[in-house]
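can you look at this prediction? I've put the sequence above it.
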Amino acid sequence: MNFSYETRDVRVVFGAGSLVRIAEELEHLGLKRVMLLTTPGRMEDREDVLTLLGARLAGEYNGARLHVPLEVVADAKAALGHFSPDSLLAFGGGSAIGLGKALAYETKLPLVAIATTYSGSEMTAVWGNSDGKMKRTFRNPEVAPRLVVYDPELTYGLSPAVSAASGMNAIAHCVEAEYAPERSQVTSFFALEGLKRLVASLPVVVESGNDASARSDALFGAHLAGRALDMTSMGLEHKLAHVMGGRFGLNHAEAHAALVPWVTAWNAESAPEVMQRMSAALGVADASRTLIDLSKRLGIRPLGALGFTAEGIPVAAELITAMSFPNPRRVDAAGVRWILEQAIT
Ligand code: NAD
């Protein structure tokens, strides 16, 4: 056995009801004046957070948006200037956490995350922004959250559609971590366990959003997926999802959800050992088939229903083939076309 990996300083607090610990956890880190960051969709649910923060709340910005548009970063930074916080607290999914990372990069303030979707962003040093045309991603350990709180009870309000898409986004992290150049026994440990938990729990989550055990398992799976993502480089599926978001304006998690079964199927012939490991972890004959079936069962919308049209296929193929990234199968325009043709309907 041979492996090497790095870990960062991050404290993770996981469990139903763990939100109530937020003030005490901030106190441990010596953080006294936090700037709360949310999407507009979290306005009602943030009330509990405001109460728990009490005098620790320096100010808030509720305009976080998908793909972290540069104008939102500028706007939030201006708001931050009025409050002089000593830290940033993102409450929400990848959009709020992404804004937190962009601000952490610019201000050097420490970031804390209360994660309420399955994006996994809270566990990574990867961050990105978008200028309306393209989405760029960067990696910098300084922006990664120092404290992450997971409270499955906060996810009960996630709709079946957002739960399903966000869960498939986490599955995409697990799949691509399994064939990443940095894969090791350690990254596989996180990726395969995450995959197993997500595949088992998501159908229950979608059918019964208040199932405590399934919600807990799905969030744990997403945490493991985020760890796997952080330790590896992503391949074709993530690049395609970023093109769908950055160039065609599709929702991030839904684009992943539509793409991951088909990219897995396309890569399968060049990654037989990966497919074997994933199939063994899931206890099935063909992990790729399982993801296609799961996607149907979860009611995942195809790219066409998200606003992507066939005219976009050659544009996406050109953008993707001009990029360099690791992937088990050599990526060409015909391959991208095949994947998008499957994922569009
Ligand atoms: P999101 O954060 O935009 O959340 C989706 C929607 O659900 C929003 O309207 C939000 O207000 C709402 N919401 C969030 N939590 C909720 C809850 N518990 N109950 C009810 N509603 C809730 O979407 P996302 O998919 O979590 O994140 C997408 C963004 O994250 C993209 O910009 C993507 O690029 C980024 N991302 C980054 C990484 C990384 O490692 N850097 C990983 C995954 C995603």
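Great, that's in hand.

could you use CA atoms for every contact and neighbour count after this?
Fine.

how close does residue 172 sit to the ligand?
10 Å (CA to the nearest ligand atom, to the nearest Å).

pretty sure that residue contacts residue 254?
No: the pair residue 172 / residue 254 is not scored as a contact, 11.4 Å apart, by CA atoms under 8 Å.

of those two, which one has the most company?
Under the criterion of other CA atoms under 10 Å, the comparison of residue 172 against residue 254 puts residue 172 first, with 28 against 25.

quick one: contacts for the nearest residue to that one once chain neighbours are set aside?
In this structure, residue 172 finds its nearest non-sequential neighbour in residue 260, 5.7 Å apart by CA to CA, 6 or more residues apart in numbering. By CA atoms under 8 Å, 6 or more residues apart in numbering, the residues touching residue 260 are 168-169, 171-172, 237, 291.

again, but for residue 108
Contacts of residue 108 (CA under 8 Å, 6+ apart): 142-143.

ok so, going back, the residue nearest to residue 172: what secondary structure?
helix (DSSP: H, G, I helix; E, B strand; the rest coil).

quick check: the gap between it and residue 168.
7 Å (CA to CA, to the nearest Å).

point to the residue nearest the middle of the protein.
residue 119 (2.4 Å; CA atoms, centre = their mean).

that one touches residue 171, doesn't it?
No: when contacts are counted by CA under 8 Å, residue 119 is not listed as touching residue 171 (9.7 Å).

what do these two both touch?
By CA under 8 Å, 6+ apart, the residues touching both residue 119 and residue 171 are residue 222.

which bits of the chain sit near the ligand?
39, 41-42, 66-68, 92-96, 98, 116-117, 119-121, 124, 126-127, 154-155, 157-158, 166, 252-253 (CA under 6 Å from any ligand atom).

what about residue 112, helix or strand, and which?
Per DSSP states H and E: residue 112 is located in strand 111-115.

list the neighbouring strands of that strand plus their orientation.
strand 87-92 (parallel), strand 147-150 (parallel) (DSSP bridges).

give me the distance between residue 207 and residue 290.
On the measure of CA to CA, residue 207 and residue 290 end up 18 Å apart.

who's more crowded, these two?
Comparing residue 207 with residue 290 by neighbour count (other CA under 10 Å), the higher total belongs to residue 290, at 16 against 11.

mind listing the helices for the stretch 101-250 of the chain?
Using DSSP state H, counting those that start in this stretch, the helices of the stretch 101-250 of the chain run over 160-178, 185-207, 212-230, 236-246.

what about residue 149, how many residues close to it?
Count around residue 149 with other CA under 10 Å applied: 22.

any idea what it is bridged to?
Applying DSSP bridges, one finds that residue 149 bridges with residue 13, residue 114.

what residues are up against it?
12-14, 18-19, 22, 113-115.

repeat for residue 126
137-141, 144, 230.

would you mind checking those for buried ones?
Buried subset of those (neighbour count, 16 or more other CA atoms under 10 Å): 144, 230.

which of the contacts of residue 126 sits closest to residue 30?
residue 144 (17.5 Å; CA to CA).

what's the neighbour count on the residue lying closest to the closest one once chain neighbours are set aside?
Nearest non-adjacent residue to residue 144, counting by CA to CA, 6+ apart: residue 125, 4.5 Å away. A total of 19 residues lie near residue 125 under the criterion other CA under 10 Å.

now the helix or strand of the chain with the lowest mean pLDDT, how far from the centre of its chain.
The weakest-scoring helix or strand in the chain, judged by mean pLDDT, DSSP states H and E, is strand 135-139 (a mean of 88). The chain centre lies 14 Å from the centre of strand 135-139; the measure is CA atoms, centre = their mean, to the nearest Å.

dump the helices of the stretch 101-250 of the chain to CSV, plus mean pLDDT and distance to residue 326.
Shown next, in CSV, are these (pLDDT from 0 to 100; distance: least, CA to CA, whole Å):
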stretch, mean pLDDT, distance to residue 326
helix 160-178, 98, 10
helix 185-207, 98, 16
helix 212-230, 98, 14
helix 236-246, 95, 8
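
of the ones you listed, which is nearest residue 5?
Closest to residue 5 of the helices of the stretch 101-250 of the chain, according to CA to CA: helix 185-207, at 8.1 Å.

how about residues contacting the closest one?
Contacts of helix 185-207 (CA under 8 Å, 6+ apart): 1, 3, 159-161, 163-164, 167, 170-171, 173-175, 177-178, 211, 214-215, 217-218, 220-225, 227-228, 231-232, 277-278, 281-282, 294, 297-298.
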